[in-house]
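Structure, please.
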Amino acid sequence: MSIERIEESQLRTMNGKEGIILQGCGGEPNEWLEGVNRMFQEANILMNGSKFDKCYVFSHNDHTCMLFPFENTNLDVARLAMWRLQNYELFGGTWLSDYVQNYLGGFIEEDKETVREKPKCALIGEDGNIFNLMGIASRTLKNNGQKEEAKEMCDRITSSGSYHEALGIIGEYVDICSKDELDEEYDEDMDM
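Below you'll find the predicted structure:
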């Protein structure tokens, strides 16, 4: 099972996806994930041994919230809707689409022109310590005018659950390459 800490603004990019958000989830996220899976299986909301393998944790108005995405689950949505209504006072359960619309101002449509290109970052051959790699990637982002992205990346890496997850996060922000590849691209740009 995977728990990923995200910024609430990232919810605005999840257009076309759905899930249930529980608000005020104090304590250990792992316990919440296990508890929700068990509760929904017992209520026949999660069917045929299905469970939430992944969830997201974020903060809103100083409350810890959790998003349980519906992807890759076998759900009885009608039962979940009834559960949500019956238990709203306890869990503040709301659909992802309603939450984004009512609390965050709606989904952001990605405009191809405004999507930033990932800058090339020479990490291949560097010391594999995750903090070293994070520092190099962060400097690369900042040098390419992406200071906010650098902070977001570092926050996500430091709250990730494993080395491989952290490497995956770095790859979402920069195009990982070797120093030789970066030098070749620089030489090509100078020839123009």
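
Now do the strands in the chain.
2-5, 19-23, 54-60, 63-69, 94-95, 120-124, 175-178 (DSSP state E).

For residue 150, which of those strands is the nearest?
strand 120-124 (11.2 Å; C-beta to C-beta). Using the backbone N, CA and C atoms, a C-beta is placed for each residue, glycine as well.

most tightly surrounded among the strands of the chain?
Compared across these, strand 19-23 shows the largest average neighbour count, a mean of 22 (mean count of other C-beta atoms under 10 Å).

which ones are touching residue 36?
Listed by C-beta atoms under 8 Å, 6 or more residues apart in numbering, the contact set of residue 36 reads 22, 52, 55, 66, 68.

Same question for residue 154.
134, 138.

ok so, going back, would you turn the strands of the chain into CSV with distance to residue 41 and mean pLDDT?
CSV is the format used below for the strands of the chain (distance: least, C-beta to C-beta, whole Å; pLDDT from 0 to 100):
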stretch, distance to residue 41, mean pLDDT
strand 2-5, 18, 93
strand 19-23, 15, 96
strand 54-60, 15, 94
strand 63-69, 13, 95
strand 94-95, 20, 95
strand 120-124, 41, 90
strand 175-178, 39, 88
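
So for residue 169, which of those sits nearest?
Checking the strands of the chain against residue 169 by C-beta to C-beta gives strand 2-5 as the closest, at 8.9 Å.

Okay, now the sheet partners of the closest one, with direction.
Strand 2-5 pairs in its sheet with strand 54-60 (parallel), by DSSP bridges.

Give me the contact list for the strand it pairs with.
If you take C-beta under 8 Å, 6+ apart as the criterion, strand 54-60 is touched by 1-8, 10-11, 23, 25, 29, 32-33, 36, 64-69, 71, 103.

change it to 7 Å
2-8, 29, 33, 64-69, 103 (C-beta atoms under 7 Å, 6 or more residues apart in numbering).
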